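[1] let's see this in three dimensions:
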Amino acid sequence: MTVSKSAATVRVGVVKPMPGVAYALQGRGGELEASLAADEHVLWFETTLRCGSPLVDERANFSGSFAHGPPADRFVYVNSGQRAGQAKSCWDRRAKVKLSAIPTELVTHATRSADCYLQARFAGTSRDGGPFCGTVQPLDSGWDLVREAGSHLRDGGRQR
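    Numbering: from 1, shown residues only. Below you'll find the model as predicted:
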């Protein structure tokens with residue numbers, strides 16, 4: 001994977017989050033990125049992650065203040081309720097959004113184009129009716145490459 005910049009913007013969408021429950025990205029040091037009240041159809045979280053030398057299997061080697069886990073299994077945490085800073089919430093949950101599932105060709109395009117970012121949407125509610133938690137799977141087609149103008153790209157950058 002050859003890249004011309006060393007970072008990619010990653011956007012995580014929480015679809016139909018629980019009303020009245022706060023959600024926030026968790027940094028490696030436990031810091032939270034602005035907790036958001038869940039009162040919209042989709043909550044978007046965005047972070048920029050550095051891309052170091054590719055892993056042995058050519059997958060992206062993400063790092064940065066919001067990247068967790070070992071290099072071959074990086075992820076970001078989306079916290080809800082108490083873990084998102086909402087002290088009086090009855091919920092205390094954290095969802096793990098895997099970055100290792102992002103196709104290498106999408107990462108390559110995102111690091112080559114300043115106007116592109118990586119995006120996936122996740123169901124904001126678990127089977128038990130509470131906020132999503134544990135390792136979550138993306139909805140729809142999984143991870144997409146999106147231009148800031150809003151056109152979705154997949155499969156090596158071809159229009160979808």
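[2] relative to residue 13, how far out is residue 118?
    Here the criterion is Cβ to Cβ, to the nearest Å. By it, residue 118 lies 12 Å from residue 13. (Glycine included, C-beta is placed from N, CA and C.)
[3] same check on residue 64?
    19 Å.
[4] residue 48 now?
    For residue 48, the distance to residue 13 - Cβ to Cβ - is 17 Å.
[5] which one of these two has more residues nearby?
    residue 13 (19 against 12; other Cβ atoms under 10 Å).
[6] that one: which element?
    strand 7-15 (DSSP states H and E).
[7] model confidence over that strand, on average?
    Averaging pLDDT along strand 7-15 gives 94.
[8] relative to the following helix or strand past that strand, what are the paired strands and their orientations?
    Of the helices and strands lying after strand 7-15 in sequence (DSSP H and E), the nearest is strand 22-26. Strand 22-26 pairs in its sheet with strand 32-37 (antiparallel), strand 75-81 (antiparallel), by DSSP bridges.
[9] what sits up against strand 22-26?
    Under the contact criterion Cβ atoms under 8 Å, 6 or more residues apart in numbering, strand 22-26 has outside partners 12, 14, 17, 32-38, 43, 45, 47, 66, 68, 76-81, 83-86, 89, 94, 124, 131.
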